[in-house]
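> Sequence below, structure please.
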Amino acid sequence: MCGAWLFGTRVFEFFTSLFESMKVLKLLPNFLTILRIVLSLFLLFLLLNTRTYFSFLTPFHINMISSLVFLFAALTDLLDGYIARSYKAKSRFGEIFDPLADKILILSAFLGLVHLDRVNAWIPFVILGREFFISGLRVLAANEKKDIPVNALGKYKTVSQVVAIGALLANLTYSYVLVAIAVFLTLYSGIDYTIKYYKS
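As a prediction, the model looks like this:
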């Protein structure tokens, strides 16, 4: 067991050093961002065409495929951020398109869920409205050189949204509870950031 773990570690280190020498890691965050956008558009296409192009799939398979595609796309957001920070691979492209890709993913999932009547239309309106409003405040804060510290609320909000949407896509029984938590954290974190902006 230890030998297998050691071997796996050596293999990982080898490929990491190889990637670094090839400067692949510098491009990987941007690739993951583009992949997230592509997966988001595929997810939306899948959810909007369950009775046409994907009519050969059962509802169970639609639920599983859509939830897995969404969760994998969400994982790419975690990975590209980690790689960009760890290997100093931040770029202007990433600064612009990474947050945009996140919003495209959330919007695509919610549009599909509204189409399937699994969520009320006001819920994505509230969540996405908050996201765009706070994005605007961040731009203003940057232009005014205001230093607004990031707290754990934003992370909790993001996790709650991902879990809630994943549950809705999988059509889990008590997914509405997770949606309620996500909406609460979304609004609460937005109010918290707004207060900090005006106090700073």
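
> In contact with the residue most central in space within the chain, which residues?
Centroid-nearest residue in the chain: residue 74, 3.9 Å away (criterion: C-alpha atoms, centre = their mean). If a contact means C-beta atoms under 8 Å, 6 or more residues apart in numbering, then residue 74 has 105, 162, 166 as its contacts. Bear in mind the C-beta positions are built from the backbone N, C-alpha and C, glycine included.

> which of those residues lies closest to residue 115?
Using C-beta to C-beta, residue 105 comes nearest to residue 115 of the contacts of residue 74, at 16.1 Å.

> Okay, buried residues for the lengthiest helix in the chain please.
Assignment by DSSP state H gives helix 59-86 as the longest helix of the chain. Across helix 59-86, burial judged by 16 or more other C-beta atoms under 10 Å covers 62-63, 65-67, 69-70, 73-74, 76-77, 80-81, 83-84.

> Just the residues contacting the strand or helix carrying residue 42, thanks.
For residue 42, the element it lies in under DSSP states H and E is helix 24-48. The set of residues external to helix 24-48 that reach it, using C-beta under 8 Å, 6+ apart, is 16, 19, 53-54, 62, 65-66, 69-70, 72-73, 76-77, 79-81, 83-84, 87, 89-91, 93-94, 97-98, 101-102, 104-105, 107-109, 111-113, 115-116.

> pLDDT averaged over that helix - what is it?
Here helix 24-48 scores 90 as its mean pLDDT.

> try stretch 116-127
pLDDT averaged over stretch 116-127 gives 93.

> Need the residues that contact it.
Contacts of stretch 116-127 (C-beta under 8 Å, 6+ apart): 47, 50, 106-107, 110-111, 113-114, 161, 168, 171, 175, 179, 182-183, 186-187.

> just checking, which of these belong to strands?
In strands, defined here by DSSP state E, there are no members of the contacts of stretch 116-127.

> re the thing from before, gap between the longest helix of the chain and the chain center?
Chain-centre distance of helix 59-86: 7 Å, with C-alpha atoms, centre = their mean, to the nearest Å.

> and that helix with helix 24-48, angle?
Put simply, helix 59-86 runs at 160 degrees to helix 24-48, going by axes from the mean of the first three to the mean of the last three C-alpha atoms, to 10 degrees.

> Could I get the full set of helices for this protein?
2-21, 24-48, 59-86, 92-115, 122-143, 152-169, 175-199.

> which one of these is the most hemmed in?
helix 152-169 (a mean of 20; mean count of other C-beta atoms under 10 Å).

> What angle do helix 24-48 and it make with each other?
40 degrees.

> same for helix 152-169, what does it pack against?
helix 59-86, helix 92-115, helix 175-199 (3 or more C-beta pairs under 8 Å, 6 or more residues apart in numbering; DSSP states H and E).

> Including distance to residue 151, could the ones you listed go into CSV?
Output for the helices and strands packed on helix 152-169, formatted as CSV (distance: least, C-beta to C-beta, whole Å):
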stretch, distance to residue 151
helix 59-86, 17
helix 92-115, 18
helix 175-199, 8
